[in-house]
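**Student:** Give me the fold of what follows.
(chains A and B)
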Amino acid sequence: MKLATWNVNSLAVRLPQVLEWLAAHPQDALVLQETKLTDDKFPHAEFAAAGYAAQWFGQKTYNGVALLTRGGAAADVVRNIPGFEDEQARVIAGTIGGAEGGAAGHRVIGAYFPNGQEPGSDKFAYKMRWMEALHAWVRTELAAHPNLVLMGDFNIAPEDRDVYDPVLWAGQIHCTPEERAHFRQLLELGLVDAFRLFEQAPKSWSWWDYRNLAFRKNQGLRIDHILVGEALKARVSACTIDKVPRKNERPSDHAPVTLTLAD
DNA sequence: ATGACATAGGTGCTATGA
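**Tutor:** Numbers count the residues shown, from 1 in each chain, chains lettered A, B, ... in the order given. Okay, the predicted model is just below:
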């Protein structure tokens, strides 16, 4: 079973690249972030033609998430964090595989964490509130669905080894102790950072700034993650970052991250 | 300290991203 996450930074621009990538790398589930599309503009017919059922949740200009699945539409779809009032479209969850979305299925949560802009700002405070609400909700989801995968653009570099220049970024957004503490709290729920289950090349990033030739110089951050419930840990056979689409013309600034689960 | 690059909306330039 293959699952993946990709912040596409505008699905209107990146749709051909997503379809091309899926054709080369079929997925059982793919979650997208930053679709930047209102729901009436979501290209569900194009995905259906490619063999994928889509669930989507968007808004004008900013944010927007989607869940694409092969082999039937996701069940029990949830948009945003239940009980958390939010103007911004950041979460989509659904169950794949199990009959009627029962506990045998895999619960997939796709999330676009707030950026936070700058420590001390209103947006940073919103990021903290949002993460607290996510944490509480994921706890209940995990209790109901041990086979849980939480993936997306976390906008957190969990450790210094996830940052190309940890001294430059110390205390900066994505690297503050507060954000990293929230990431660890998710792990304390019984989630595992799938990427770190394997030996990985040093300087592995999932995002590179468009500016300053950052990709060419491999100056990036690892801020896109796939966390799996401990019940799934033994079945994780691979977790990789695919840098190839970052070399496309008009690339997203994020690379897809992929997970392989043994059957 | 600032901007660098990209996107959307709108047609100037600002807001946002990370």
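**Student:** which residues does A:Asn7 bridge with?
**Tutor:** A:Gln33 (DSSP bridges).
**Student:** Do I have it right that it meets A:Arg246?
**Tutor:** No: look at A:Asn7 against A:Arg246 with CB atoms under 8 Å: they stay out of range, at 11.4 Å. Placement of C-beta: from N, CA and C, glycine included.
**Student:** Could you tell me which residues touch both of those two?
**Tutor:** A:Ser252, A:Asp253, A:His254 (CB atoms under 8 Å, 6 or more residues apart in numbering).
**Student:** Buried ones from these, can you make that a ChimeraX selection?
**Tutor:** Applying 16 or more other CB atoms under 10 Å to these, the buried members can be selected in ChimeraX as follows:
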select /A:252,253,254
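**Student:** what subset of the shared contacts of A:Asn7 and A:Arg246 is also close to DNA strand B?
**Tutor:** Subset of the shared contacts of A:Asn7 and A:Arg246 in contact with DNA strand B: A:Asp253, A:His254, counting by CB under 7 Å from any atom of the strand.
**Student:** A:Thr240 - how many residues pack around it?
**Tutor:** Applying other CB atoms under 10 Å, we find 18 residues neighbouring A:Thr240.
**Student:** right, I mislabeled it, should have said A:Ala255
**Tutor:** A:Ala255, neighbours per other CB under 10 Å, totals 27.
**Student:** mean confidence for stretch A:199-209?
**Tutor:** Mean per-residue pLDDT for stretch A:199-209: 97.
**Student:** near DNA strand B at all, that stretch?
**Tutor:** Yes: Stretch A:199-209 lies within reach of DNA strand B by CB under 7 Å from any atom of the strand, at A:Trp207, A:Asp209.
**Student:** Check what contacts that stretch and list those residues.
**Tutor:** A:7, A:161-162, A:164, A:195, A:214-215, A:218-225, A:241, A:246, A:253-255, A:257.
**Student:** Strands of the stretch 101-250 of chain A, residue ranges please.
**Tutor:** A:106-112, A:148-153, A:191-193, A:207-208, A:220-221, A:224-229, A:236-241 (DSSP state E, counting those that start in this stretch).
**Student:** Briefly note if whichever helix or strand comes after the last one comes near DNA strand B.
**Tutor:** Per DSSP states H and E, the first helix or strand lying C-terminal to strand A:236-241 is strand A:257-261. No: between strand A:257-261 and DNA strand B, judged by CB under 7 Å from any atom of the strand, nothing touches; the nearest distance is 13.7 Å.
**Student:** ok but A:Asp40 is inside a helix, no?
**Tutor:** Yes: assessed by DSSP: H, G, I helix; E, B strand; the rest coil, A:Asp40 belongs to a helix.
**Student:** Which pLDDT value goes with it?
**Tutor:** 95.
**Student:** Same question for A:Gly98.
**Tutor:** Value for A:Gly98, per-residue pLDDT: 69.
**Student:** Now A:Ala194. Nearest residue, chain neighbours left out?
**Tutor:** A:Cys239 (3.9 Å; CB to CB, 6 or more residues apart in numbering).
**Student:** how far away is the one you found from DNA strand B?
**Tutor:** The gap separating A:Cys239 from DNA strand B is 20 Å, by CB to the nearest atom of the strand, to the nearest Å.
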